[in-house]
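Colleague: fold the following for me, if possible:
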Amino acid sequence: MSDNERPGKRERFLFDFDPRYSPVLTVLGVTPATAGVLVGRGTLRVRFGPWVVETSLDNIVGAETTGPYTPWKAIGAHVSLADRGLTFATNTRSGLCVRFREPVRGGDPFGLLRHPGLTVTVADPAALAGHLSTRR
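Modeller: Purely as a prediction, here's the structure:
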């Protein structure tokens, strides 16, 4: 069994920061040091500055690559008015939309909103999608 196949192995995926949006993201507390996706030990944990989403890998029902996006609809942390989906975006090129069986907390400090999906603009959306599909 390789390191990547061990049940306790954690895999980290970095956000793909577009330098044009870094000043705005920094004001929000989102930097390469405070943003990332961690998959392992049965959980998905996404940190985006002050925002955190955590759920069981069993709660993931699918993941699709999406994009491109318009800057005002994507950059930063956004909740979709259409479906309550949450977006953590650092670029407008592409990301991965992860869908959940049971909606998750993460968009507000009180946990009142639950989100059926989360879009993250990681550097390699296809690799994250593949990793999630093998871990479920």
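Colleague: other SSEs contacting the helix ranked longest in the chain?
Modeller: In the chain, taking DSSP state H as the definition, the longest helix is helix 125-135. Packing contacts for helix 125-135, counted by 3 or more C-beta pairs under 8 Å, 6 or more residues apart in numbering; DSSP states H and E, involve strand 11-13, strand 35-40, strand 60-66, strand 95-104. Placement of C-beta: from N, CA and C, glycine included.
Colleague: how near is the nearest residue to L128 once chain neighbours are set aside to P71?
Modeller: Spatially, and ignoring its direct neighbours in sequence, L128 is nearest to F13 (4.9 Å; C-beta to C-beta, 6 or more residues apart in numbering). When C-beta to C-beta, to the nearest Å is applied, the distance between F13 and P71 equals 22 Å.
Colleague: partner residues bridging the residue nearest in space to the middle of the chain?
Modeller: Centrality entry for the chain: nearest residue to the mean C-alpha point is V120, 3.5 Å, by C-alpha atoms, centre = their mean. In this entry, V120 is beta-bridged to F88, L96, by DSSP bridges.
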